[in-house]
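Participant: Compute the structure for the input listed below.
(one chain, ligands or ions: 1)
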Amino acid sequence: MKQDAAKARPRATILSRRRLLAVSALAACAVPLPLLAASRAPIPTPRQTAGPFYPDRLPADRDSDLVRIAGRAGEAAGEILGLEGRVLTRDGHPVAGARIEIWQVDAQGRYLAERDRGPDPDFQGYGASQCDAGGRYSFRTIRPVAYTGRTPHIHIRVHHPDGRELTTQMYLAGEPGNARDFLYRRLSPEEQAALTATLRPAAASGYRWQTEFDLVFA
Ligand SMILES: [Fe+2]
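Facilitator: Numbering: from 1, shown residues only. Here you go, the predicted model:
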């Protein structure tokens with residue numbers, strides 16, 4: 001009976017189901033995180049200070065996975081976050097080949113630059129990612145935590161292939177410390193929206209959270 005039902009099914013339906021299965025399989029294998037559509041209007045990303053904690057010495061391992069350090073067996077403490085997005089021009093075109101750096105505190109609020117404070121030896125603290133032809137970048141890092149005087153944030157610097165740089169900070173929606181943060185407070189509501197990412201529970205294994213954060217050159 002099942003064979004008869006399959007024979008009776010229109011060919012177009014079978015093809016579309018096959019295509020759907022193929023796309024699903026591709027998505028499961030090749031894309032670690034769902035590619036979420038950007039919800040923000042592409043205003044130029046507001047610039048913010050790099051602050052005093054850009055690493056004084058870059059780590060030997062400076063790849064896009066900040067949770068694992070080459071040669072170490074351990075994994076960084078903290079809630080693992082998949083951070084991905086695109087680098088765009090003001091009119092929405094991808095900036096292929098842009099390079100992105102990020103740096104942030106470990107799960108205890110210590111920067112890599114604060115070596116005297118003994119940052120987590122299993123957290124890279126800094127990483128870099130090269131955008132693909134679609135302007136896409138991705139990092140595996142930890143959900144940023146607050147430290148004295150600051151709400152949770154990730155520092156980001158983008159290098160455009162034409163030599164321009166964009167330095168900013170990414171914040172998290174719903175953090176109670178945002179309203180008290182001296183840098184966040186001075187942003188307009190539109191600028192706050194452009195620098196605030198919404199974390200979602202991650203679908204991919206090995207991640208607790210995921211978010212999409214686009215960076216737009218003026
Ligand atoms: Fe900071």
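
Participant: Secondary structure element for the residue nearest the centre of the chain, which one?
Facilitator: In the chain, the C-alpha nearest the mean C-alpha coordinate belongs to L83, at 1.9 Å (C-alpha atoms, centre = their mean). Assigned by DSSP states H and E, L83 falls within strand 80-88.

Participant: Can you name the next helix or strand after that strand?
Facilitator: That would be, after strand 80-88 and using DSSP H and E, strand 99-103.

Participant: Distance of the residue lying closest to the residue nearest to the centre of the chain once chain neighbours are set aside relative to G149?
Facilitator: In space, and not counting its chain neighbours, L83 is closest to F139: 4.5 Å by C-beta to C-beta, 6 or more residues apart in numbering. C-betas here are computed from N, CA, C, even on glycine. According to C-beta to C-beta, to the nearest Å, F139 and G149 sit 25 Å apart.

Participant: circling back: would you mind writing the CA trace of the strand holding L83 as CSV?
Facilitator: Provided in CSV are the C-alpha atoms of strand 80-88 (Å, rounded to 0.1, in the frame of the first residue of the first chain):
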residue,chain,number,x,y,z
ILE,A,80,29.5,29.1,25.3
LEU,A,81,28.2,31.6,22.8
GLY,A,82,28.2,31.3,19.0
LEU,A,83,28.6,34.9,17.7
GLU,A,84,28.2,35.4,14.0
GLY,A,85,27.1,38.0,11.6
ARG,A,86,28.1,40.0,8.5
VAL,A,87,30.2,43.0,7.8
LEU,A,88,28.2,45.3,5.4
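
Participant: orientation of that strand relative to strand 99-103 in degrees?
Facilitator: Counting by axes from the mean of the first three to the mean of the last three C-alpha atoms, to 10 degrees, strand 80-88 lies at 140 degrees to strand 99-103.

Participant: about what we covered before: of F139 and G149, which one has the most company?
Facilitator: F139 (24 against 10; other C-beta atoms under 10 Å).

Participant: Please verify my assumption that the more buried one contacts Y126.
Facilitator: No. At 10.7 Å, F139 does not count as touching Y126 under the criterion of C-beta atoms under 8 Å.

Participant: which neighbours do the two share?
Facilitator: Listed as contacting both F139 and Y126 by C-beta atoms under 8 Å, 6 or more residues apart in numbering are 66, 102.

Participant: so where's this protein shaky on pLDDT?
Facilitator: Within the chain, the ranges that satisfy pLDDT under 70 run 1-41.

Participant: ranges for the strands of it?
Facilitator: Applying DSSP state E to the chain gives strands spanning 80-88, 99-103, 126-130, 136-142, 153-159, 165-172, 196-197, 200-201, 209-212, 215-216.
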